[in-house]
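Colleague: no sequence for this one, just the structure:
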């Protein structure tokens, strides 16, 4: 203990350098974590989080009684997570390989620059662009097809719309990561394979893909922890927060945002938030444990 | 993961035949590029399209009539637009600078060998990535306990420090800055702070550029914290202006019983298609212009970030 204190004193400059981040994390991240106790309280603004009365599992009972809302948003959250992760990872890899295989490098570079642009457009802006394409009267799609589809009241269409918007937004950017791995593959491997008579597809299958596996693992692992979280802007802004669409577009994060604005149901929301955080934690620990067993060098901690 | 010198650029050209396959591949890549770029092009076109043409024929890539009216009417926001631009630029610059400074100090500190507290600090850093208080709890703590409602601090602090970014910076310090340099500086009599600011920080530049650009984008595009916390006009960032435009459109749509005369009276404030798109263009424009210059850095930064420290 004394040695530890001496060591800390000797490194006091480092302690001071670490202090700002320590304080910011403490006040911005840690204190709200403690705030999750309100899941077990009957929250009252005038008494505050810590002063409100305990009410045991009351909030969770409420969660079960209003289970249609709860189940719907949990289902949507998970559904979009799986669609986005599966489709996203697949397309990221395909695009990275495609650009890597393309021999006209200058053209490829320009194309890549254009493909990345959408990720820099906020969803607050994206929703106007989406509107220009799918609005009923003025939308490009309806005009081009000569139809009158009321996209903003057809809940069933939104899983497709949101997936397309998400792909548009993130695949160009997501593939960059995989491309940097491909750039690190020794070209001699390909040359040797060619001499051995392997064709392009065989080269991709036996050289390129295996090289990408570690990166794919890390990215999936990182995403697992946020299985209960969503790209809030996509669900809140792009759908114009339209109630008609909630059955397919309401996710936990957008529900919570709405509840804050409506200043209502805080007990229910707190219970949901706790549920969301705990599931996230468990998933993360589980995934990390799995990776540690299979490929320890890729685990996160 | 490849520990080879991570070449941020495209893979070196292999000797390959430019056969028919390459042209087919190129065609598909072109299609995807158009899919990504055309919506942005539409914003530009619509911003300069005549309002009546949009009302009659809908949005189009080939408008019947061009017009500057949309752009002009953006000036109608006049002062508010300037104020919002100022707010957005301020939080972007201040937040990014503050974040880079404190995060690189932290990264430097926890990467010092023989610093025993570093272990605890690393765990302290990692936990927020695993567990999170959620939006509601944060909202109540920030507004009623810290009393920061309508404060620019809430646009800056929540996006300022992220575990992932600290890990990226730390990885770069450990892998790419020779520790001999820092030791040599110390032998020459430089104190800890001087070593950090004069030796480490300059060498950290590529990683700072990468992390900084990603942070700046996050600040520029943040609408959620603004919507949650900002109420006064003089603190509204650009993204909140966009959200407000959408809300007022919605208000008009949902209140069809607003009498025509009242609508006419509100005339100046009814957001029109072309002027809305002009606003969108003005909001997203700066990032589009700046981004190509930073592209090589953030590719590099992403690469570094993926390597576990």
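Modeller: Okay, I see it. Only a predicted model underlies this, so the values are computations on that prediction, with no experimental measurement involved.

Colleague: residue contacts, the closest residue to residue A:193 other than its chain neighbours?
Modeller: Distances taken as C-beta to C-beta, 6 or more residues apart in numbering or on different chains place residue A:203 nearest to residue A:193, at 5.1 Å, with adjacent residues excluded. To be clear about C-beta, it is placed using only N, CA and C from the backbone, and glycine gets the same treatment. If a contact means C-beta atoms under 8 Å, 6 or more residues apart in numbering or on different chains, then residue A:203 has A:190, A:193-194 as its contacts.

Colleague: what's the helix or strand for the residue nearest to residue B:44 when sequence neighbours are not counted?
Modeller: Spatial nearest neighbour of residue B:44, excluding adjacent residues (C-beta to C-beta, 6+ apart): residue B:281 at 6.1 Å. Taking DSSP states H and E as the criterion, residue B:281 maps to helix B:273-306.

Colleague: what does residue A:197 give?
Modeller: Judged by DSSP H and E, residue A:197 forms part of no helix or strand.

Colleague: Find the centremost residue of chain B, please.
Modeller: With distances taken as C-alpha atoms, centre = their mean, the residue of chain B nearest its centroid is residue B:217 (1.3 Å).

Colleague: roughly how far apart are that residue and chain A?
Modeller: 6 Å (C-beta to the nearest C-beta, to the nearest Å).

Colleague: Look up the closest residue to that residue, ignoring the ones flanking it.
Modeller: residue A:120 (5.5 Å).

Colleague: before we move on, the earlier item: right, and the residue nearest to residue B:44 touches residue B:45 too?
Modeller: No: counting by C-beta atoms under 8 Å, residue B:281 stays clear of residue B:45, with 10.0 Å between them.

Colleague: For chain A, what is the nearest residue in the stretch 51-200 of chain B?
Modeller: residue B:133 (2.9 Å; C-beta to the nearest C-beta).

Colleague: Can you list the low-confidence ranges for the chain?
Modeller: You didn't say which chain, so I picked chain A. A:298, A:300 (pLDDT under 70).

Colleague: oops, I was thinking of chain B
Modeller: For chain B, the ranges with pLDDT under 70 are B:1-17, B:76-77, B:250, B:252-271, B:298-309.

Colleague: what residues does the stretch 201-301 of chain A put near chain B?
Modeller: By C-beta under 8 Å from any C-beta of the partner chain, the part of the stretch 201-301 of chain A that sits against chain B consists of A:211, A:214-215, A:218-219, A:225, A:232-233, A:237, A:240, A:253, A:256-257, A:259-260, A:266, A:269-270, A:273-274, A:276-277, A:280-281, A:284-285, A:297-301.

Colleague: List only those of these flagged as buried.
Modeller: Buried residues within these, counting neighbours by 16 or more other C-beta atoms under 10 Å in any protein chain shown: A:211, A:214-215, A:218-219, A:225, A:232-233, A:237, A:240, A:253, A:256-257, A:259-260, A:266, A:269-270, A:273-274, A:276-277, A:280-281, A:284, A:298-300.

Colleague: Show only the entries of the residues you listed found in strands.
Modeller: Members of these lying in strands (criterion: DSSP state E): none.

Colleague: Count the residues that sit near residue 112.
Modeller: Answering for chain A, as no chain was given. 24 (other C-beta atoms under 10 Å in any protein chain shown).

Colleague: Actually, chain B is the one I wanted.
Modeller: Residues near residue B:112, counting by other C-beta under 10 Å: 19.

Colleague: follow-up on the earlier one: and for the residue nearest to residue B:44, the neighbour number?
Modeller: Residue B:281 has 21 nearby residues by other C-beta under 10 Å.

Colleague: next one: the one 4 residues further on
Modeller: Other residues near residue B:285 come to 12 when the count uses other C-beta under 10 Å.

Colleague: show me what contacts the residue nearest to the centre of chain B?
Modeller: Contacts of residue B:217 by C-beta under 8 Å, 6+ apart are A:119-120, B:287.

Colleague: of those residues, closest to residue B:174?
Modeller: The closest of the contacts of residue B:217 to residue B:174 turns out to be residue A:119 (C-beta to C-beta; 28.2 Å).

Colleague: Is that closest one in contact with residue A:173, as I believe?
Modeller: Yes: in this structure, residue A:119 is within contact of residue A:173 by C-beta under 8 Å, at 4.0 Å.

Colleague: check contacts around the residue nearest to residue B:44.
Modeller: B:43-44, B:47.

Colleague: same question, residue A:15
Modeller: Going by C-beta under 8 Å, 6+ apart, the list of residues near residue A:15 reads A:8, B:109, B:117.

Colleague: Which PyMOL command selects the buried ones in these?
Modeller: Here is the PyMOL selection string for the buried members of the contacts of residue A:15, based on 16+ other C-beta under 10 Å:
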select buried, chain B and resi 109+117
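
Colleague: could you redo the contacts of residue A:15 as a markdown table and give each row distance to residue A:132?
Modeller: Output for the contacts of residue A:15, formatted as a markdown table (distance: C-beta to C-beta, whole Å):
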| residue | distance to residue A:132 |
| --- | --- |
| A:8 | 59 |
| B:109 | 49 |
| B:117 | 54 |
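
Colleague: Counting only strands, which of the contacts of residue A:15 make the cut?
Modeller: Using DSSP E, none of the contacts of residue A:15 sit in strands.

Colleague: how many other residues sit next to the closest residue to chain A within the stretch 201-309 of chain B?
Modeller: Going by C-beta to the nearest C-beta, chain A is nearest to residue B:221 of the stretch 201-309 of chain B, at 3.5 Å. Other residues near residue B:221 come to 25 when the count uses other C-beta under 10 Å.

Colleague: Also residue A:77?
Modeller: Residue A:77, neighbours per other C-beta under 10 Å, totals 23.

Colleague: so who does it touch?
Modeller: A:227-230, A:251-253.

Colleague: Specify which member of these is nearest to chain B.
Modeller: residue A:253 (7.0 Å).

Colleague: Can you confirm whether stretch A:23-42 lies near chain B?
Modeller: Yes: for stretch A:23-42, a contact with chain B is found by C-beta under 8 Å from any C-beta, at A:24-25, A:27-36, A:38.

Colleague: The contacts of residue B:281 in helices, which ones?
Modeller: B:43-44, B:47 (DSSP state H).

Colleague: from these, which single one is nearest chain A?
Modeller: Looking across the ones in helices among the contacts of residue B:281 and measuring by C-beta to the nearest C-beta, the closest to chain A is residue B:43, at 6.1 Å.

Colleague: Might you report the residue contacts of the closest one?
Modeller: Contacts of residue B:43 (C-beta under 8 Å, 6+ apart): A:128-129, A:132, B:277, B:280-281, B:284.

Colleague: I'd like to know how many residues surround the residue lying closest to the residue of the stretch 51-200 of chain B closest to chain A once chain neighbours are set aside.
Modeller: Nearest residue to residue B:133, sequence neighbours excluded (C-beta to C-beta, 6+ apart): residue A:32, at 2.9 Å. Applying other C-beta under 10 Å, we find 25 residues neighbouring residue A:32.

Colleague: State the distance from residue A:32 to residue B:134.
Modeller: 7 Å (C-beta to C-beta, to the nearest Å).

Colleague: Repeat that for residue B:222.
Modeller: Taking C-beta to C-beta, one finds residue B:222 at 18 Å from residue B:134.

Colleague: Am I right that residue B:75 sits in a strand?
Modeller: No: checked against DSSP: H, G, I helix; E, B strand; the rest coil, residue B:75 lies outside a strand; its state is helix.

Colleague: so the residue in chain A that chain B sits nearest to is in which element?
Modeller: For chain A, the residue closest to chain B is residue A:32, as judged by C-beta to the nearest C-beta, at 2.9 Å. When elements are assigned from DSSP H and E, residue A:32 belongs to helix A:31-35.

Colleague: how about the strands of the chain, start to end?
Modeller: Reading this off chain A. Using DSSP E, strands in chain A cover A:41-42, A:53-54.

Colleague: Reformat those as CSV; add mean neighbour count.
Modeller: What follows is the strands of chain A, written out as CSV (neighbours: other C-beta atoms under 10 Å in any protein chain shown):
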stretch, mean neighbour count
strand A:41-42, 18
strand A:53-54, 9
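
Colleague: Mind putting these into a markdown table with distance to residue B:23?
Modeller: Listed next are the strands of chain A as a markdown table, based on distance: least, C-beta to C-beta, whole Å:
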| stretch | distance to residue B:23 |
| --- | --- |
| strand A:41-42 | 65 |
| strand A:53-54 | 70 |
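
Colleague: With that, I have no additional questions.
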